[in-house]
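A.B. asks: Based on what follows, work out the 3D shape:
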Amino acid sequence: MRAFALGLALSLCACSEGPPPVTATRVLEVGGIRPVVNAVALSPDGGTVVVGDLDGDLVAREIPSGAERWTTRVRPRGGARIDGVFYSPDGSLIVTTGHDARATELWDAATGRARGVVDVGGGRGVAFHPSERMAAVAASSTVHLVDLDRGEATRALPNAHQGDPVYAVAFSPDGQTLASVSHAGSLKLWGWPSLVLRSSVTLSSGVEALSPVSLTLSRRGNRAAANGILGRLHVVDTAKAREERVFSEIGARRAGQRIRPAAGRSSR
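C.D. replies: Next up is the predicted model:
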């Protein structure tokens, strides 16, 4: 009994001194890991390329020398990675977005200095108006219209695709049409500057969503093209509100296939 009491006392004494220090042994050190480039933009004059990486660095390099012009640490609020880099048509401004970021950021293209922070988070696509100092930012299910001189969102198309996230936006080169395309493949055209809905076309069907990567319009907005992560390019006649063609695996040089018209619709 006396031996048991002594053992218990020694045990309690040891506990009162606190836990032993935590030690670690280095078994492997990996060096030379380079940041992964995640977004790229080319200046309108073709003289500068700007890249954003998964660590939040934004770097501008001259073409063709590759000399670094400037670098800045973006670190978007709420997330470190840069998912989108976009040049304004006049080459003076750069906009960066992050899928996990809580804001959209503006940068001086010549110096890399911050020009403003727009309270629009989770941006996926940005489109600049060709002649006005305005940009459309696709974020969640809303298209935000940003005044670039004021550095703030002044208008919006909330719930533009009935709750489906908007993945890409584009202005027609004549500035009269704004297009948006959603995760599930719904393409919509809006009049500018009225933002009145002109037409709507569904680009994909079935259980797989399109998950569009980019969107572009012809000069007058009468034709649109969007590509998705499944490797298909969708071309739409927006004037007739119908899909014209779908090209599959263009990178593999496979022939395009015509769309089969839905039941009850003309095959024109």
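A.B. asks: Who are the contact partners of V201?
C.D. replies: With contact taken as C-beta atoms under 8 Å, 6 or more residues apart in numbering, V201 is in contact with S186, L187, V236, T238, A241, R242, E243. Where you see a C-beta, it was placed from the backbone N, CA and C, and this is true even at glycine.
A.B. asks: SS state for the closest residue to R155 other than its chain neighbours?
C.D. replies: Excluding its sequence neighbours, the residue lying closest to R155 (C-beta to C-beta, 6 or more residues apart in numbering) is L145, at 4.0 Å. What DSSP: H, G, I helix; E, B strand; the rest coil gives for L145 is strand.
A.B. asks: correct me, but R232 touches R245?
C.D. replies: No. Judged on C-beta atoms under 8 Å, R232 makes no contact with R245 at a distance of 10.2 Å.
A.B. asks: Among these two, which residue is more densely surrounded?
C.D. replies: Ranked by neighbour count (other C-beta atoms under 10 Å), R232 and R245 place R232 first, with 18 against 14.
A.B. asks: Which residues are in contact with the spatially most central residue of the chain?
C.D. replies: Central residue of the chain (C-alpha atoms, centre = their mean): R124, 2.8 Å from the mean position. Neighbouring residues of R124 by C-beta under 8 Å, 6+ apart: D83, G84, T97, H99, A138, A139, P165, V166, Y167, A168.
A.B. asks: Kindly report the same for G52.
C.D. replies: So G52 contacts V37, N38, A39, V40, L58, V59, V74, I82, D83, G84, V85, T96 (C-beta under 8 Å, 6+ apart).
A.B. asks: ok, of those residues, which come out buried?
C.D. replies: N38, A39, L58, V59, V74, I82, D83, G84, V85, T96 (16 or more other C-beta atoms under 10 Å).
A.B. asks: The second one and V120: what is the separation?
C.D. replies: By that I understand A39. Note on A39: its distance to V120, by C-beta to C-beta, to the nearest Å, is 17 Å.
A.B. asks: Show me the helices in this protein, by range?
C.D. replies: Per DSSP state H, the chain carries helices over the ranges 2-16.
A.B. asks: got any ranges where it has weak pLDDT?
C.D. replies: By pLDDT under 70, the weakly predicted segments of the chain are 1-33, 76-78, 205-208, 249-268.
A.B. asks: Try it again at 80.
C.D. replies: 1-35, 75-80, 204-209, 230-231, 248-268 (pLDDT under 80).
A.B. asks: Rebuild the contacts of R124 as a markdown table, extending it with distance to D90.
C.D. replies: Formatted as a markdown table, the contacts of R124 follow (distance: C-beta to C-beta, whole Å):
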| residue | distance to D90 |
| --- | --- |
| D83 | 24 |
| G84 | 19 |
| T97 | 20 |
| H99 | 27 |
| A138 | 22 |
| A139 | 24 |
| P165 | 30 |
| V166 | 25 |
| Y167 | 26 |
| A168 | 22 |
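A.B. asks: Among the residues you listed, which are located in strands?
C.D. replies: By the criterion of DSSP state E, membership of those in strands covers G84, T97, A138, A139, V166, Y167, A168.
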